[in-house]
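Peer 1: How does the following fold in three dimensions:
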Amino acid sequence: MFGAQTFVLRREQGRLAEVEAPTRGYVDQFPLLPAWRVGLVYLYCEIGRLDEARKEYELCPEPGAVLRDWNWPITMALMAEVSWHLDDGPRARELFDLLLPYANRNVIVGAMADFYGSTSRYLGLLSTVLGRWDEAEGHFNDAAEMHRRLSPPWLGWTYYDYADMLLRRNSSGDREKALAMLSQALDIAQRLDEGVAGAGAGAQAESTGR
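Peer 2: Got it, this is the predicted structure:
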C-alpha cells in the first residue's frame, strides 16, 4: 500500500525515477501481480527510457488474461497509459473494449490505496492511439467533468491529454483549443506545485511554437 501511494506521489512531484528500484523489487517480490510490472513499464515510459519500457512490455500479460480481482482496474489503467506512450494500436483496441463498460467510473487501486481518476480519461487515451478523434473528445469531456468535481490533479492531466489529442487531430481550431487547455493544465500544476504536469504542459506548449 505504501509503495502504491509513494509511486503516484513521486509521479506528481516529477521524481518518478526515484522509485525505479523499489518498483523493480515489487515486480520480483509479487510476480503474480501484473500491476507492478505494468507500473514499471509506465515508469520507464514517463522518464523517457522507451527501449527498457518495450523490453518489459513484452513480459506483461495480454489484457484479456489479467485476473479480474481488485488489482484489475489499475492494471488496465496503467496498460492504457503505456499503450498511449508506445502507440500500440492492437493492444489499445483490446483495452478499449475491456474498459468501455466502465466508462464514467473511477479507478481505485486495491483496497483504496489510491485514486487514478476516471476510466473515461483512459478511454480517451486509447481512442487517441486509434485515431478515433470524436470518441476521444467525448471521453475526455466526460473525464474532465468528473475531475472538476473530484480531483484537480487529474483534471490537469486530462487537459494535457486532451490537448495532445487535439494537436494530433489538427482540425480547424484544434491548435487554439489545445493551447488553451495546456494553459489550464499549467495553471493547475503551478497551483498544486506538480512538477510533472507543469513540465509536461510547458514542453508541449513549446513544441507548438508558442
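
Peer 1: Centre-most residue in the chain?
Peer 2: Most central in the chain under C-alpha atoms, centre = their mean is Glu81, positioned 4.0 Å from the mean C-alpha point.

Peer 1: surely that one meets Val41?
Peer 2: No: here Glu81 lies out of contact with Val41, judged by C-beta atoms under 8 Å, at a distance of 9.0 Å. Yep, even glycine has a C-beta here, placed from its N, CA and C like the rest.

Peer 1: In stretch 162-172, which residues are buried?
Peer 2: Going by neighbour count (16 or more other C-beta atoms under 10 Å), the buried part of stretch 162-172 is 162-167, 169.

Peer 1: can you check stretch 112-123 too?
Peer 2: 113-114, 116-123.

Peer 1: And the pLDDT at the most far-flung residue of the chain relative to its centre?
Peer 2: For the chain, the C-alpha farthest from the mean C-alpha position belongs to Ser172; by C-alpha atoms, centre = their mean, that distance is 26.5 Å. As predicted, Ser172 sits at a pLDDT of 97.

Peer 1: please begin residue numbering at 145 from this point
Peer 2: Understood, numbering begins at 145; the last thing we discussed is Ser316.

Peer 1: What is the three-state secondary structure of it?
Peer 2: Recorded secondary structure, Ser316: coil (DSSP: H, G, I helix; E, B strand; the rest coil).

Peer 1: Same question for Phe259.
Peer 2: Applying three-state DSSP: Phe259 is strand.

Peer 1: Apart from its neighbours in sequence, what residue is nearest Thr272?
Peer 2: Met309 (4.4 Å; C-beta to C-beta, 6 or more residues apart in numbering).

Peer 1: In terms of helices and strands, where is the one you found?
Peer 2: helix 296-313 (DSSP states H and E).

Peer 1: Averaged pLDDT, that helix. What do you get?
Peer 2: 96.

Peer 1: residues making contact with it?
Peer 2: 156, 228, 259-262, 265, 268-269, 271-272, 277, 280-281, 284, 287-288, 291-292, 318-319, 321-323, 325-326, 328-329, 332-333, 335-336, 338, 341, 344-345, 348, 352 (C-beta atoms under 8 Å, 6 or more residues apart in numbering).

Peer 1: Take those residues and keep only those in helices.
Peer 2: 156, 228, 265, 268-269, 271-272, 277, 280-281, 284, 287-288, 291-292, 318-319, 321-323, 325-326, 328-329, 332-333, 335-336, 341, 344-345, 348 (DSSP state H).

Peer 1: PyMOL command for the buried members of those?
Peer 2: Listed next is the PyMOL selection for buried residues among those, using 16+ other C-beta under 10 Å:
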select buried, resi 156+228+265+268+269+271+272+277+280+281+284+287+288+291+318+319+322+323+325+326+328+329+332+333+341+344+345+348
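
Peer 1: Among the buried residues of stretch 306-316, find me the one that's closest to Thr167.
Peer 2: Asp308 (25.0 Å; C-beta to C-beta).
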